[in-house]
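Asker: Could you look at this predicted model? Sequence included:
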Amino acid sequence: MKYTILVNKNNPIKTNYLNKVNLIEIKNVFDETIKIEAETYKNYLELEKHLKEKGIVIGIDSAYRSFADQENLIKEFENKYGKEYTDKTVARVGESEHHTGLAIDLVVKVNNEWLEPNDKQEKTESILKEVHKYLHNYGFILRYPKEKESITSYDYESWHIRYVGKVPAKIIYEEKLTLEEYLKDFSGVLYINKQKGITSFDVVNEISHLFGIKRVGHTGTLDPLAEGVLIIAIGKATKIVELLTAEDKEYIAGVKLGFKTDTYDIEGKVLARKEVPCNINVEEVLKSFQKTYLQEVPIYSAVKVNGKKLYDYARENKEVKLPKKEVTIKEIELLEQKENSFIFKSLVTKGCYIRSLINDIGKSLNTYATMTSLIRTKQGEVKLEDTNTFEDIKNNNYRIYKIEEVLSYPEVIVSEELAFKISNGVEIEDKWQIKDKVIFKDKKNNLLAIYQKIDESLVTWKGFL
């Protein structure tokens, strides 16, 4: 379930969400039966317990509202406070966050009395401000903060909290964002330690789920058998994926001699076996591959021939001429050797298939060689020790990098006038003697665009607004 669903005046709730939300019944502080989304309530109880230990007693006034409930609330507020106030503070039917089941209106207990903030704001404000400090630890945000009215379209509400999940909540709290700003503008680059047994696409899906952001991409696919460094781009950072993939990569691979498979790795179907010659010199053969050569692309790959992916030909048992790519093995080193198996480390250029390299090594050893394991230990300057696991992220023990932090281009802060032109993609004169690309920011340090040098001018390469 997506906990960062955006519901506001411009984004009415969709029927497919209403059909999927898992609502449970609870009693509010006034002993009324209400509904709330199950995960939201679970995390709310943890927040409530933590605050109670600090001497703060909170409770739930309302959570989920049906369309009919919202309509009745609007009428009630209009009668009590007038239409102008109601329009500012109460959402129209279909546009209320309470339809999600993820929003909660809090009340606080003072001197054994439940105080509703809307009526007793002076008494409850200081208490709720203290509550706000702990919300993000349990996946909640203050949904309508002060000085953000122009973005949320609602006045500040100290009692209205919203469950979004712990990862988004921490970012929103630390960056002082609204949910609207988070979903629109938040972006960054993550270094993930991909585990064996999942695809790169699985990693993308999990990151999308954890951060609650749809726009996520990866650089440099790793097969399910492989593990190690996988660079993930979130939000607007997906625009620079090509810059992150054009890097050398370092691997540690395990090899078994004497048989080959259709996939060139241990998970494939065994096609043939061949005796391993005695006294083979693996180290010498490995050194012979420290070169540039034309490498045949494995048939189980996503490379296209005549508009069709090679693995589709393989699955259909159709013959196809495998393309060859020029690759460079910059460094290669034997790490360990046992009977009919060995482990080696290599530094290779983009596009090199380690499975194919191992297959070629087998031929040079006058036998067959099959990959049994693969760890990407480095991509560009990113090392394995720089990466995070899913558990690290869930525990908020990770680092996310800004777009400009992962690029080595010069940064220029520009005037408001020039920022306006850059934001609109206007070609500008190169006053900074740029060699390739330049990162432009406004005076508030907001990323505007990356421009590229063409002749004597600078033109938009990627815009970020």
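Answerer: Good, I have the coordinates. Numbering: from 1, shown residues only.

Asker: domains in the chain, as residue ranges please.
Answerer: With domains defined by automatic domain parsing, the chain comprises 15-184, 188-246+382-394, 249-379, 409-463.

Asker: any idea which of those is most buried?
Answerer: domain 188-246+382-394 (a mean of 18; mean count of other Cβ atoms under 10 Å). All C-beta atoms are positioned from the backbone trio N, CA, C, and that covers glycine.

Asker: returning to what we had before: in JSON lines: the domains of the chain, plus mean pLDDT and distance to Leu6.
Answerer: Listed next are the domains of the chain as JSON lines, based on pLDDT from 0 to 100; distance: least, Cβ to Cβ, whole Å:
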{"stretch": "domain 15-184", "mean pLDDT": "93", "distance to Leu6": "6"}
{"stretch": "domain 188-246+382-394", "mean pLDDT": "94", "distance to Leu6": "10"}
{"stretch": "domain 249-379", "mean pLDDT": "94", "distance to Leu6": "33"}
{"stretch": "domain 409-463", "mean pLDDT": "94", "distance to Leu6": "21"}
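
Asker: Dump those into CSV; add distance to Met1 as well.
Answerer: Output for the domains of the chain, formatted as CSV (distance: least, Cβ to Cβ, whole Å):
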stretch, distance to Met1
domain 15-184, 7
domain 188-246+382-394, 9
domain 249-379, 30
domain 409-463, 31
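
Asker: Identify the residue spatially nearest to Lys260, adjacent ones excluded.
Answerer: Tyr368 (3.9 Å; Cβ to Cβ, 6 or more residues apart in numbering).

Asker: Ramachandran angles for the one you found?
Answerer: Per-residue torsions, Tyr368: phi -110, psi 150 (degrees, to the nearest 10).

Asker: Same question for Val164.
Answerer: Reported as degrees, to the nearest 10, the phi and psi values for Val164 are phi -130, psi -10.

Asker: what about the domains of the chain, which gets the closest to Lys2?
Answerer: domain 188-246+382-394 (6.1 Å; Cβ to Cβ).

Asker: how long is that closest one from one end to the other?
Answerer: 17 Å (Cα to Cα, to the nearest Å).

Asker: Determine how far that domain lies from the middle of the whole chain.
Answerer: 7 Å (Cα atoms, centre = their mean, to the nearest Å).

Asker: the longest strand in this protein is where?
Answerer: Ranked by number of residues, the top strand in the chain under DSSP state E is strand 324-338.

Asker: Residues touching that one, excluding its own?
Answerer: With contact meaning Cβ atoms under 8 Å, 6 or more residues apart in numbering, strand 324-338 is reached by 248, 252, 282-283, 286-287, 289-297, 342-349, 351-352, 357.

Asker: can you give me the strands in the stretch 201-350 of the chain?
Answerer: 216-219, 226-234, 249-257, 259-261, 270-273, 292-296, 304-305, 308-309, 324-338, 341-348 (DSSP state E, counting those that start in this stretch).

Asker: Which of these sits closest to Val412?
Answerer: Nearest of these (Cβ to Cβ): strand 226-234, 22.9 Å.

Asker: Strand 249-257 and the closest one, what's the angle between them?
Answerer: Counting by axes from the mean of the first three to the mean of the last three Cα atoms, to 10 degrees, strand 226-234 lies at 150 degrees to strand 249-257.

Asker: In CSV, list the C-alpha atoms belonging to strand 226-234.
Answerer: In CSV, the C-alpha atoms belonging to strand 226-234 read as follows (Å, rounded to 0.1, in the frame of the first residue of the first chain):
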residue,chain,number,x,y,z
ALA,A,226,24.8,-11.1,-8.5
GLU,A,227,25.1,-8.9,-5.4
GLY,A,228,26.9,-5.7,-4.5
VAL,A,229,26.9,-2.0,-5.6
LEU,A,230,23.7,-0.8,-7.3
ILE,A,231,23.2,2.9,-7.7
ILE,A,232,19.6,4.0,-7.3
ALA,A,233,18.2,7.4,-8.5
ILE,A,234,15.1,8.8,-6.9
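
Asker: Which phi and psi values does Ile24 adopt?
Answerer: Torsion angles, degrees, to the nearest 10, at Ile24: phi -120, psi 160.

Asker: picking that back up, give me the distance between the longest strand of the chain and the centre of its chain.
Answerer: Worked out by Cα atoms, centre = their mean, strand 324-338 lies 32 Å from the chain centre.

Asker: Return the angle between stretch directions for it and strand 341-348.
Answerer: Inter-element angle recorded for strand 324-338 and strand 341-348: 140 degrees (by the same axes, to 10 degrees).

Asker: CA atoms of strand 324-338 as CSV?
Answerer: C-alpha atoms of strand 324-338 as CSV (Å, rounded to 0.1, in the frame of the first residue of the first chain):
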residue,chain,number,x,y,z
LYS,A,324,30.0,-8.3,-30.1
LYS,A,325,31.0,-5.3,-28.0
GLU,A,326,34.4,-3.8,-27.5
VAL,A,327,35.3,-4.0,-23.8
THR,A,328,38.4,-3.4,-21.8
ILE,A,329,39.6,-5.5,-18.9
LYS,A,330,41.7,-2.9,-17.1
GLU,A,331,42.8,-5.1,-14.2
ILE,A,332,42.4,-8.7,-13.4
GLU,A,333,43.8,-10.7,-10.5
LEU,A,334,43.6,-14.2,-9.2
LEU,A,335,42.4,-14.2,-5.5
GLU,A,336,42.0,-17.9,-4.7
GLN,A,337,42.3,-21.2,-6.5
LYS,A,338,41.1,-24.7,-5.6
